[in-house]
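> dropping the sequence and predicted coords here.
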Amino acid sequence: MAACVCLVLPMPPFLDSFSAFSRAVSGAFGRPWHPFSLLLVMALWLTTLGNLPLWRAMWALTETHGLRTGLGLLGMGVIVFTATTVLLSLLVWPLWRKPLGVVLLMVAAANSYFMTAYGVVIDPSMMANTVQTDVREVRDLLSGSMLLVLMLGVVLPGAWWWRQPVQQWPAMRLLGRQLGLAAVALVLMMVVIWASFQDLASTMRNHKSLRYMVNPFNTVYASGRLLVGQTTQARMSLQPMGEDAAMANAGVPASPPLIVLVVGETVRAANFGLAGYARDTTPQLRQLQNSGELTYFSNVRSCGTNTQVSVPCMFSHLGREAQAKNDIPYENLLDVLQRAGMQVLWLDNQSGCKGVCDRVPNASTLTLKDPKLCPDGECFDEILLRVLPERLAELDKARPAGQPSAGTVVVLHQMGNHGPAYFKRTPADMKLYQPECRTNVLQDCPAQDIVNAYDNAVRYTDHFLGETVRWLKTQKRPTAMLYVSDHGESLGEKGLYLHGMPYMMAPQEQTHVPMALWMSKSLQKQNGWEANCWQKQAENALSHDHYFHSVLSLAQVKTRWQQPELDMFSACKAKPAQRG
Ligand SMILES: [Zn+2]
């Protein structure tokens, strides 16, 4: 052994006994493992410890834990074990046996942690979200318990897996035998599925979330779907939209309007003061509503349950159902507005615009350093208003000389109520509701503390929207602000936290979102709209499907892509205005 001059540390007792254990089970004291045995050990680990949240959820389905429940669990256990064996037999080959095993352990441990901690499930849109995440989001999720899970679920078993010697077999022999193992496991799986079909099918039908909980198949399926979708999109060229777009009433408006679209984050209607929440979390918007300047839309559904789905869907002409099935890459609302001659700007205080702002001027607050608004490297949403005037000036400078402006549409993408670290979303002097949950491990907090932190953030959005309207009032041109949240949030109801449940099984908390409109009198007059002609829509069932078509009306842009039945301002147009 090479001499070591480094620090000689005694081996911690748990590692000592761990290595003794690993020696004991490593193919009968040092003899290399039969490739199948090692594969089956991994399958057993993934089926049992790697799927604890699944077994816990299935156990909780019935109150009587009799023979039938036991047999049901056993049947499901055999199915998961045999399915995992098939998967491993097909995937694990000597060249990448070690790293692939560690990757599978990581997938199982990370999925289990997030499923247990937040009640989320792993589906394609959750996968897309994970792929698109940024440092800020990851930092918000790190915690001591997560590190512990990774230690027990990845580091220790991974180190063991890595060190195991395995018998070297000729390639053809290994190939034949391993495919044979896959075939046997497959047959066994089919037999058990057949035997337990009736119970199993009804359980899966009634509890759809279970099918997204089986590690590592949820991840394999979601990654596959994501990859197929992305390759199909990449193979097709971007479909242009709105080549016919033009300003209504031929030409440039008398006074170019400034329309601010605030894309909210994770605010649910249930905790929005204007929606009738017991706490007055929206005092500033209420004041505007009381003076007849602002309309709250009380019955609005989001397109998705996460940013990755909702934001592109809002700006798309397709609507929720068509968007979910769509593989064709289309341009969006912002491209249409720009084609009509409007100046468009996207300002982002979050993890990006998800492709929506790719062809319009855009800027992120990520690198900004403002001691008051961006302490600890993350900015409060008011930073958007601080940079807005200078960005608008740049936009004006970039406009070709002599070309009149048809108006400006600015999108402000908020950090809003992004969780789980809700407490990070509000400045210290704006924390009205106390005590606040001050950790990202939400289960460690009393339910009320989570709500307090969340409500403080809603109140901060109210403040931000109030500030936006105040600023718009100082602009000497027709102005409007349309706010809508991208999706809602679960705060522990039914054991769920955060968001991202597949839409068909998402609770109302994740899909019922607040929407509010403020419009200056001068814009109403210029559009030729009667006062509050949209008021009738305030209680109607609306959704993100209406966004594309309504913003076109608000901006007075006409194109064949607009569907009047999805325009919440259609009543305004019904009565042609007396133009001044
Ligand atoms: Zn979001």
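Noted; the coordinates are in hand. Residues are numbered from 1 along each chain as shown.

> distance between the longest helix seen in the chain and the chain's centre?
Looking across the chain with DSSP state H, the single longest helix is helix 447-473. Its chain's C-alpha centre and that of helix 447-473 lie 21 Å apart, by Cα atoms, centre = their mean, to the nearest Å.

> next, the contact list for Tyr330, please.
The neighbours of Tyr330, taking Cβ atoms under 8 Å, 6 or more residues apart in numbering as the test, are 238-239, 241, 316-318. (Glycine included, C-beta is placed from N, CA and C.)

> run the last query once more with 6 Å
239, 241 (Cβ atoms under 6 Å, 6 or more residues apart in numbering).

> for the one 10 residues further on, same thing?
When contacts are counted by Cβ under 6 Å, 6+ apart, Ala340 touches 245-247, 557.

> can you pick out the most distant pair from those?
Greatest spacing in the contacts of Ala340, by Cβ to Cβ: Ala245 and Met247 (8.5 Å).

> tell me which of those two has more neighbours.
Ala245 (21 against 18; other Cβ atoms under 10 Å).

> in which helix or strand does Thr116 reside?
For Thr116, the host element (DSSP states H and E) is helix 97-118.

> which helices and strands does that helix pack with?
Secondary-structure packing of helix 97-118 (3 or more Cβ pairs under 6 Å, 6 or more residues apart in numbering; DSSP states H and E): helix 52-59, helix 144-150, helix 156-163.

> quick one, that helix and helix 156-163 angle?
If you take axes from the mean of the first three to the mean of the last three Cα atoms, to 10 degrees, helix 97-118 sits at 170 degrees to helix 156-163.

> show the subsequent helix or strand relative to helix 97-118.
helix 124-131.

> what helices or strands is that following helix leaning on?
helix 217-235, helix 307-315.

> let me have the ones you listed in CSV, adding distance to Met342 as columns.
Converted to CSV, the helices and strands packed on helix 124-131 look like this (distance: least, Cβ to Cβ, whole Å):
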stretch, distance to Met342
helix 217-235, 27
helix 307-315, 14
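
> most tightly surrounded among the ones you listed?
Mean neighbours per residue, mean count of other Cβ atoms under 10 Å, is largest over the helices and strands packed on helix 124-131 for helix 307-315, with a mean of 26.

> got a list of contacts for that helix?
125, 128-129, 132, 302-304, 323, 332-333, 354, 356, 486-487, 544, 547.

> tell me the one of the contacts of Ala340 nearest Pro404?
Met247 (10.5 Å).

> distance of that closest one relative to the ion?
From Met247 over to the ion the distance is 32 Å, taken as Cβ to the ion, to the nearest Å.

> what stretches of this structure score poorly on pLDDT?
1-30, 250-252, 574-580 (pLDDT under 70).

> picking up where we left off before, can you say which of the helices and strands packed on helix 124-131 is nearest to the ion?
helix 307-315 (3.1 Å; Cβ to the ion).

> using CSV, list the CA coordinates for that closest one.
Written as CSV, here are the backbone C-alpha positions of helix 307-315 (Å, rounded to 0.1, in the frame of the first residue of the first chain):
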residue,chain,number,x,y,z
THR,A,307,-44.9,27.9,-15.7
GLN,A,308,-43.4,25.8,-18.4
VAL,A,309,-46.9,24.9,-19.7
SER,A,310,-48.9,28.0,-18.8
VAL,A,311,-46.7,30.8,-20.1
PRO,A,312,-46.3,29.5,-23.7
CYS,A,313,-49.9,28.5,-23.7
MET,A,314,-51.1,32.0,-22.7
PHE,A,315,-49.3,33.6,-25.6
